[in-house]
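Enquirer: my questions are about this predicted structure, shown below with the sequence.
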There are 2 protein chains.
Amino acid sequence: MSTTELTNWQSVHDEVLRRIHTREWKPGQQIPKEVELASELGCARATVNRALRELATAGFLDRRRKAGTRVTLHPVRKAKLDIPVIRLEIEGRGQRYGYSLISAERAAPPHDICGRLGVLPDADMLHVTSLHLADGKPYMFENRWVAIAAAPSIADADLSIISANEWLVLHAPYTHGEMAFSAIAASNSEAEMLGAAPHAPLFLIERTTWENDHGITYARLVFAPGHRVQSVI
Amino acid sequence: MSTTELTNWQSVHDEVLRRIHTREWKPGQQIPKEVELASELGCARATVNRALRELATAGFLDRRRKAGTRVTLHPVRKAKLDIPVIRLEIEGRGQRYGYSLISAERAAPPHDICGRLGVLPDADMLHVTSLHLADGKPYMFENRWVAIAAAPSIADADLSIISANEWLVLHAPYTHGEMAFSAIAASNSEAEMLGAAPHAPLFLIERTTWENDHGITYARLVFAPGHRVQSVI
DNA sequence: AGGGTTATTATGTGCGTACATATTATACTT
DNA sequence: AAGTATAATATGTACGCACATAATAACCCT
């Protein structure tokens, strides 16, 4: 055994992943316990623990106290999807960002918004619609409802300069949220706004955010034709 | 200072997150160094380190050696998206899973597939099309190319029983992959297959997977109308 | 000033020990 | 046989220490 010692958690991580990929350890199979691996690889148990922990959160391993560690049977792969502010998303692609406010008015929320955000039908809300541009061309149409109670100072913000999207990120951080992707047919107004044919297939993102079970905002983001959301696995 | 001591990393994590949310520590601001926080909260530096590390990977903090730790200015929120095998996705929703193979034949790959997977135009590939059903109704149409060199034994698999999707997960684990979401108009054949109107907006997922820069498979998954992909932020 | 070298410093990580906790296996009771 | 208390065990984590590493600050020389 002239095995070079793996004394850092990264190399242990890689070695374990290698054994999983080469099927040396098969799906469902139990792998050696931490102390055994530690002595085999020539490092401390804490180091092995760190490596296996990362692999478990990544979905490659199932770990349970006393029961030990085994290779995940059906590895539920997790796609990681970065969600920057729209402006940074566009600028990051080397394009020029543009923004134009279409409307901003206080109004009572329609019924479905109440349900989504968990607010009362007579709540004081801000309804904002705007268009985001990339290199001068329509990129995304934003239709957003904001609970003013959750972010009072947005009433004073000049939303013709900074988008509600970006204002909220800066001033009303959320604790958690939901996001849903789907495909819709362009309505007449959306088609006109985004320069698409009527009934053209458009990519839709719906985003709802809360701060401690207190609804902040619901946004309906309709993208120009051809939009792709990409992600690494 | 009768502060109760936070002696586990979870509580330190929560406390730091609280200070970020309450704006006690503002975006861009530098937070106390690990040793200071440790003595303030009454725990070891390693404990603080663990908590801050998790917050950094979650995107709330920016950490750099010597420069210290500061609250992220534009928190790039990360959407986590679980990608189970289609069968489990459907069964997990309490529906009955069905599967029917449409075609499976060896063929030379079209030009665009070569580019995506990085294989030669004369490569030996398997072209599989199939339909996945939920409660007997069309759910998703799968159009897949598999590099036989990357998974030779798939030539012997009975793809009328197990879907190529599931077979590959079990027998040809990948090291990394790409996934793209978009909206398309249903082609005539897709419309018929999925029970949709021609040109109806359909949700499309394209998935490409590699094993160590060696292309394995490219899949084009077209979903029945109304499909939504949901994710938590 | 300018450019390059050297100290300083905050985070990153490894190690050994100790104890906590969840879960399983075993022994025991009825 | 069934249920219940008890022991055994693998992982989870806290701690203190040491050293590695990267980035900045200070210094020095010309």
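Expert: Received, thanks. Numbering: from 1, shown residues only, chains lettered A, B, ... in the order given.
Enquirer: can you name the residues of chain A that neighbour DNA strand C?
Expert: A:7-10, A:42-47, A:50, A:64-67 (CB under 7 Å from any atom of the strand). C-beta: built from backbone N, CA, C; applies to glycine.
Enquirer: contacting residues around the residue of chain A found nearest DNA strand C?
Expert: Closest to DNA strand C within chain A is A:N8: 2.4 Å, counting by CB to the nearest atom of the strand. Contact analysis of A:N8 by CB atoms under 8 Å, 6 or more residues apart in numbering or on different chains lists A:43, A:47.
Enquirer: any idea how far A:R63 is from it?
Expert: A:N8 sits 20 Å away from A:R63, going by CB to CB, to the nearest Å.
Enquirer: how about the helix or strand bottoming out on mean pLDDT in chain A and chain B, touching?
Expert: Least confident helix or strand of chain A, by mean pLDDT, DSSP states H and E, is strand A:77-83 with a mean of 80. Yes: using CB under 8 Å from any CB of the partner chain, we find that strand A:77-83 touches chain B at A:77-83.
Enquirer: can you pick the most crowded of the residues you listed?
Expert: Within these, most neighbours by other CB atoms under 10 Å in any protein chain shown means A:R77, with 23 neighbours.
Enquirer: surely it meets A:S231?
Expert: No: using CB atoms under 8 Å as the test, A:R77 is too far from A:S231 to be in contact (10.8 Å).
Enquirer: what's the burial count for the closest residue to A:D213 other than its chain neighbours?
Expert: Of all residues not flanking A:D213 in the chain, A:G118 sits nearest, at 7.5 Å (CB to CB, 6 or more residues apart in numbering or on different chains). A:G118 has 13 neighbouring residues, counting by other CB under 10 Å.
Enquirer: A:G118 contacts A:Y218, correct?
Expert: No: with contacts counted by CB under 8 Å, A:G118 stays clear of A:Y218, the gap being 10.5 Å.
Enquirer: what's near enough to touch A:G215?
Expert: A:116-119, A:147, A:150, A:208-209.
Enquirer: from the residues you listed, which land in strands?
Expert: A:147, A:208-209 (DSSP state E).
Enquirer: could you list every helix and strand in contact with the helix or strand just after the least confident helix or strand of chain A?
Expert: Moving toward the C-terminus from strand A:77-83, the next helix or strand (DSSP states H and E) is helix A:86-91. With contacts defined as 3 or more CB pairs under 8 Å, 6 or more residues apart in numbering or on different chains; DSSP states H and E, the packing partners of helix A:86-91 are strand A:97-107, strand A:125-134, strand A:137-147, helix A:164-171.
Enquirer: out of the ones you listed, flag the one nearest chain B.
Expert: Evaluated with CB to the nearest CB, these place helix A:164-171 nearest to chain B, the distance being 6.7 Å.
Enquirer: quick check: mean pLDDT across the helix or strand just after the closest one?
Expert: Going down the chain from helix A:164-171, the next helix or strand is strand A:176-185, by DSSP H and E. Across strand A:176-185, pLDDT averages out at 93.
Enquirer: show me the contact partners of the following helix or strand past strand A:176-185.
Expert: Using DSSP H and E, the helix or strand that follows strand A:176-185 in sequence is helix A:188-194. For helix A:188-194, the surrounding residues in contact (CB under 8 Å, 6+ apart) are A:131, A:138, A:140-141, A:186, A:196-200, A:202, A:222-225.
Enquirer: farthest-separated two in those?
Expert: Among these, the pair separated by the greatest distance (CB to CB) is A:L131 and A:H199, at 19.9 Å.
Enquirer: can you list the residues of chain A near DNA strand D?
Expert: Within reach of DNA strand D by CB under 7 Å from any atom of the strand, chain A has these residues: A:33-35, A:45-46, A:49, A:52-53, A:56, A:63-69.
Enquirer: from these, keep the buried residues only.
Expert: A:34, A:49, A:52, A:63, A:69 (16 or more other CB atoms under 10 Å in any protein chain shown).
Enquirer: regarding the last one, what is its secondary structure?
Expert: Of the three states, A:T69 takes strand under DSSP: H, G, I helix; E, B strand; the rest coil.
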